[in-house]
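**Student:** compute the structure for the input listed below.
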Amino acid sequence: MNNKIQTYIAELVGSHDCVIVPGFGAFISQPTSADIHPITNKFSPPGRTIGFNGQIKINDGLLASFICTAEDVTFQEANTLIEEFVKHFNNNIHLFKSFEIKEVGRFFYNLEGKLEFEPDYHHDFSSDSFGLTEFVFKPIERNTFDMNQPSQHRNSKTASSKTSVKKNKEETDEESNSSSAFGKILLVAMPFLVLIGAFFVYNKQKDVSLGGINFTETLGLKKHEVVADTAMAPDSVAIAETIVQNTEVVEEQP
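**Tutor:** Numbering: from 1, shown residues only. Modelled structure (predicted):
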């Protein structure tokens, strides 16, 4: 039963700010926020810190009521179980000089013979930080310009910046020179291009004119042939009439 009482105390400490064990003392817990260690750069999640005050021994009924519900016993029987736990604690602390309550902490006597309490740092007493663990994260180092740094270092930075500016200027000059050279070449070649274009236009117009003359001559030849055929027509008619007359004379002879 003593182990069960320890379990009940641990459950109450995780959900209450003050848990009094009648005739023994009070466990007091306080919430803590997340923390960053300035030297080790360790990030700690939020939680609860546990302390013990041996001067508070008045029964507030919290632990007894919890035992009544968990063990299905009366309030008086629950107080009896608490008294047995306190006797067990006193016997062990005087005999072994140390006593541990699981998931709560450890009691021990210091060199001066005083009873002290050390909480269980490996146990998370807060449900808000469930599953969160500590971790270390190193800060990011940033390069900043310091006016107090050696002049040689500053001069090297200045020289490098001047070199980059000079390089960019040279590239710009090369681009402008190439553009101007292309413009000069274009100006020199322009008259030749104009002459070549004019030559092709002149030849094209000449070909069109010669084509017209040939077409006219072709029409003239066809007209001459038609006139010649018309001039030959009367002779053919005269020959035909002579043949007809001769035929009639032959038919009249007996």
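
**Student:** any low-confidence regions in the stretch 1-150 of the chain?
**Tutor:** Filtered on pLDDT under 70, the stretch 1-150 of the chain yields the residue ranges 124-132, 144-150.

**Student:** where do the helices sit along it?
**Tutor:** Using DSSP state H, counting those that start in this stretch, the helices of the stretch 1-150 of the chain run over 2-13, 62-71, 75-96.

**Student:** can I get those helices in TSV with distance to Leu115?
**Tutor:** No exception for glycine: its C-beta is placed from N, CA and C like everyone else's. Formatted as TSV, these follow (distance: least, C-beta to C-beta, whole Å):
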stretch	distance to Leu115
helix 2-13	17
helix 62-71	20
helix 75-96	7
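
**Student:** check contacts around Ser111.
**Tutor:** If you look again at residue 111, you'll see it is Leu, not Ser. With contact set as C-beta atoms under 8 Å, 6 or more residues apart in numbering, Leu111 has no partners.

**Student:** which one of the helices of the stretch 1-150 of the chain lies nearest to Ile39?
**Tutor:** For Ile39, the closest of the helices of the stretch 1-150 of the chain is helix 2-13, at 30.4 Å, according to C-beta to C-beta.

**Student:** packing partners for that closest one?
**Tutor:** Applying 3 or more C-beta pairs under 8 Å, 6 or more residues apart in numbering; DSSP states H and E, one finds that helix 2-13 contacts strand 18-21, strand 25-32, helix 62-71, helix 75-96, strand 98-101.

**Student:** hmm, 6 Å instead?
**Tutor:** Packing contacts for helix 2-13, counted by 3 or more C-beta pairs under 6 Å, 6 or more residues apart in numbering; DSSP states H and E, involve helix 75-96.

**Student:** now the angle between helix 62-71 and the helix it packs on, please.
**Tutor:** 110 degrees (axes from the mean of the first three to the mean of the last three C-alpha atoms, to 10 degrees).

**Student:** pull out the buried residues from helix 75-96.
**Tutor:** 78-79, 81-82, 85-86, 89 (16 or more other C-beta atoms under 10 Å).

**Student:** just stretch 100-116 next, same as before
**Tutor:** Residues 101, 103-105, 107-108 are the ones in stretch 100-116 that count as buried (16+ other C-beta under 10 Å).

**Student:** for Val19, state which of these is nearest.
**Tutor:** Once C-beta to C-beta is applied, the member of the buried residues of stretch 100-116 that ends up nearest Val19 is Val104, at 9.3 Å.

**Student:** how about that closest one: what's its closest non-neighbour residue?
**Tutor:** Ala10 (5.1 Å; C-beta to C-beta, 6 or more residues apart in numbering).

**Student:** alpha carbons only: can I get stretch 108-115 in PDB?
**Tutor:** What follows is stretch 108-115, C-alpha atoms only, in PDB (Å, rounded to 0.1, in the frame of the first residue of the first chain):
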ATOM      1  CA  PHE A 108      18.100  12.900   2.600                       C
ATOM      2  CA  TYR A 109      20.000  14.400   5.500                       C
ATOM      3  CA  ASN A 110      22.700  16.900   4.800                       C
ATOM      4  CA  LEU A 111      25.900  17.300   6.600                       C
ATOM      5  CA  GLU A 112      24.300  19.500   9.200                       C
ATOM      6  CA  GLY A 113      21.700  16.800   9.900                       C
ATOM      7  CA  LYS A 114      18.800  18.700   8.300                       C
ATOM      8  CA  LEU A 115      16.300  17.000   6.100                       C
END
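
**Student:** I'd like the distance between Tyr8 and Val21.
**Tutor:** From Tyr8 across to Val21, the span is 10 Å (C-beta to C-beta, to the nearest Å).

**Student:** can you get me the start-to-end distance on stretch 29-40?
**Tutor:** In stretch 29-40, first residue to last residue: 26 Å (C-alpha to C-alpha, to the nearest Å).

**Student:** give me the contacts around it.
**Tutor:** 13, 17, 43-50 (C-beta atoms under 6 Å, 6 or more residues apart in numbering).
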